[in-house]
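Colleague: Could you look at this predicted model? Sequence included:
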Amino acid sequence: MSEPSDPPRSPSPRPGLLARGVGRLGGLAAQAMRLYAEANALASDGLAVEAEAAYRRTLALNPRFAEAHNNLGNVLRALDRAEEAVAAYREALACGLDHPLVHYNLASALKAAGDAVPAERHFRRALVEEPAYAEAFNNLANLLRDGDRLTESATAYRRALALRPAWDEAHDNLSGALYLLHEEGRHEEAACFARLWLRDHPDHPVARHIGAAIAGLDSEERASDAYVRQVFDLFAGEFDDKLLGELGYRAPTLLAEALAGAGIVVDGSLDVLDAGCGTGLCGPFLRGPARRLVGVDLSPGMLERAAARGLYDALEEAELGAFLSTRPAAFDLIVAADVLCYFGALDGVLAQAAVALRPGGRLAFTVERLEEGGAPWRVSPHGRYAHTEGHVRDGLSAAGLSVSRLCPDILRHESGAPVAGLVVLAARP
């Protein structure tokens, strides 16, 4: 789930305020203006420490320079000094800069400092002064969601999207709020919001995929390319910390253990594909067996982080099935960690993987596990598909792949509960 806290804003200096300063301080005011311009340039270049010093010199010359107080608050927030930022924004208001941007900035800093009640008050004040302030609706919704006020949160996200219909982060945030509603057992309320979301934004990939899942509508046979690309581009920056730190993500470790148990030797002799490589979490254990290690993913943001690991010989931005289809007998080993959970019916992608394997080549992957006795696969409200063991076995058999290992295990934890999965190793005869 994304949570954009839109960057702090810097309202343009007000001529009236600055004219009063010039009249009172004369040359000192002109010097303050020069320092203020220098501080703004430093802040624009990302030099927050230097910008802070310049803003403080500005304010030493003109303590009533409201815009400088506001922009000092901005750089203090960039330096993760939220409580000091709160004081700076309050000074901007005290100096007469009663502007929706300042209320928004103050609210965001208060939220970062853990002061939810005054933060809500200033988000709402910003919206009174600027009713079309989409970022304020979005970040108010984030605050409400964190306080478990999920109905109000979903309503505020919808207000943000009414103002900015193509805003991907807000769509992602709304999907998260509806997922939490569903997880709390408020299924019909979540479904009602999801239907409204689909009605208002029928062409947005997140609404089409997650909205349909939460509303209980028929799902497509796989997540769309646009959905996967958007979700993982938004998630790329926090992917590793979120999965490894918060969710106890185990799929790469489980696959590494499965390959070691199958006798895969670390001798640099194999052509290896990391299918849906993401940020490259599988790269460390695949590098040893690989003569050539290739990663493929739909998300440019993920590929950028995979490249930073320096483990891959090549990284390709492509849809997995299309990539596999155009590389017959190219790989000795294909690994897909939590990738096939974005496919419903597995027959097609498993057949494509079989084509891309050399004789004797191996395919290792994980999927989320669905109990037998119903549909062979199902999309969940979080947007991932789960599969029955029978469907996995049938797909492998139809692709001409023999099962070497198919074991249940826990892939991660989500909402405090273990996510049951299957760890699969198959071979092309």
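Modeller: Arrived safely.

Colleague: Mind listing what's buried along the host helix or strand of G395?
Modeller: Element membership for G395 (DSSP states H and E) is helix 389-398. Using 16 or more other C-beta atoms under 10 Å as the test for burial, helix 389-398 gives 389, 391-392, 395-396. C-beta coordinates here come from the backbone N, C-alpha and C atoms, glycine included.

Colleague: what does the helix or strand encompassing L143 contact?
Modeller: Per DSSP H and E, L143 falls inside helix 134-146. Residues outside helix 134-146 that contact it (C-beta atoms under 8 Å, 6 or more residues apart in numbering): 3-6, 100, 104, 107-108, 111, 116, 119-120, 123-124, 126-127, 130, 150, 152-157, 159-160, 163-164, 167, 169-170, 173-174, 176-177, 180.

Colleague: ditto for stretch 176-186
Modeller: Here stretch 176-186 makes contact (C-beta under 8 Å, 6+ apart) with 1-2, 141, 145, 150-151, 153-154, 157, 189-190, 193-194, 197, 210-211, 214, 381-382, 415.

Colleague: Check stretch 372-385 too.
Modeller: 175, 178-179, 182-183, 190, 209-210, 212-214, 219, 222-223, 227, 231, 340-346, 367-368, 370, 386-391, 394, 414.

Colleague: Can you select the buried ones among the residues you listed for me in ChimeraX?
Modeller: A single ChimeraX command selects the buried members of the contacts of stretch 372-385 (16+ other C-beta under 10 Å):
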select :175,178,179,182,183,190,209,210,212,213,214,219,222,223,227,231,340,341,342,343,344,345,346,367,368,370,386,387,388,389,391,414
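
Colleague: Among the contacts of stretch 372-385, which are located in strands?
Modeller: Per DSSP state E, strands hold the following members of the contacts of stretch 372-385: 367-368, 386-387, 414.

Colleague: Select, from the residues you listed, the two members most distant in space.
Modeller: Maximum pairwise distance in the ones in strands among the contacts of stretch 372-385, criterion C-beta to C-beta, is 17.0 Å, between H387 and E414.

Colleague: starting at the chain centroid, how far to the helix holding L143?
Modeller: Chain-centre distance of helix 134-146: 16 Å, with C-alpha atoms, centre = their mean, to the nearest Å.

Colleague: Show me what counts as buried in the next helix or strand after that helix.
Modeller: In the C-terminal direction, the helix or strand that comes right after helix 134-146 (DSSP H and E) is helix 150-163. For helix 150-163, a neighbour-count test (16+ other C-beta under 10 Å) marks 150, 152-161, 163 as buried.

Colleague: Can you point out the buried residues in the lengthiest helix in the chain?
Modeller: Determined from DSSP state H, the single longest helix within the chain is helix 27-44. For helix 27-44, burial by neighbour count (16+ other C-beta under 10 Å) applies to 29, 32-33, 35-36, 38-40, 42-43.

Colleague: For those residues, please prepare JSON lines with the additional fields distance to V294 and pLDDT.
Modeller: Converted to JSON lines, the buried residues of helix 27-44 look like this (distance: C-beta to C-beta, whole Å; pLDDT from 0 to 100):
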{"residue": "A29", "distance to V294": "62", "pLDDT": "81"}
{"residue": "A32", "distance to V294": "57", "pLDDT": "91"}
{"residue": "M33", "distance to V294": "56", "pLDDT": "93"}
{"residue": "L35", "distance to V294": "53", "pLDDT": "94"}
{"residue": "Y36", "distance to V294": "52", "pLDDT": "94"}
{"residue": "E38", "distance to V294": "48", "pLDDT": "95"}
{"residue": "A39", "distance to V294": "47", "pLDDT": "95"}
{"residue": "N40", "distance to V294": "45", "pLDDT": "95"}
{"residue": "L42", "distance to V294": "43", "pLDDT": "96"}
{"residue": "A43", "distance to V294": "42", "pLDDT": "94"}
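
Colleague: and which of the residues you listed is nearest to P359?
Modeller: Comparing those against P359 with C-beta to C-beta places A43 closest, at 60.3 Å.

Colleague: circling back: drop the exposed ones from the contacts of helix 134-146 and show what's left.
Modeller: Looking at the contacts of helix 134-146 with 16+ other C-beta under 10 Å, the buried ones turn out to be 3-4, 100, 104, 107-108, 111, 119-120, 123, 126-127, 130, 150, 152-157, 159-160, 163-164, 167, 169-170, 173-174, 176-177, 180.

Colleague: which SSE is the residue nearest the centre of the chain in?
Modeller: By C-alpha atoms, centre = their mean, the chain has its centre lying nearest to F235, at 2.2 Å. Element membership of F235, judged by DSSP H and E, is helix 225-235.
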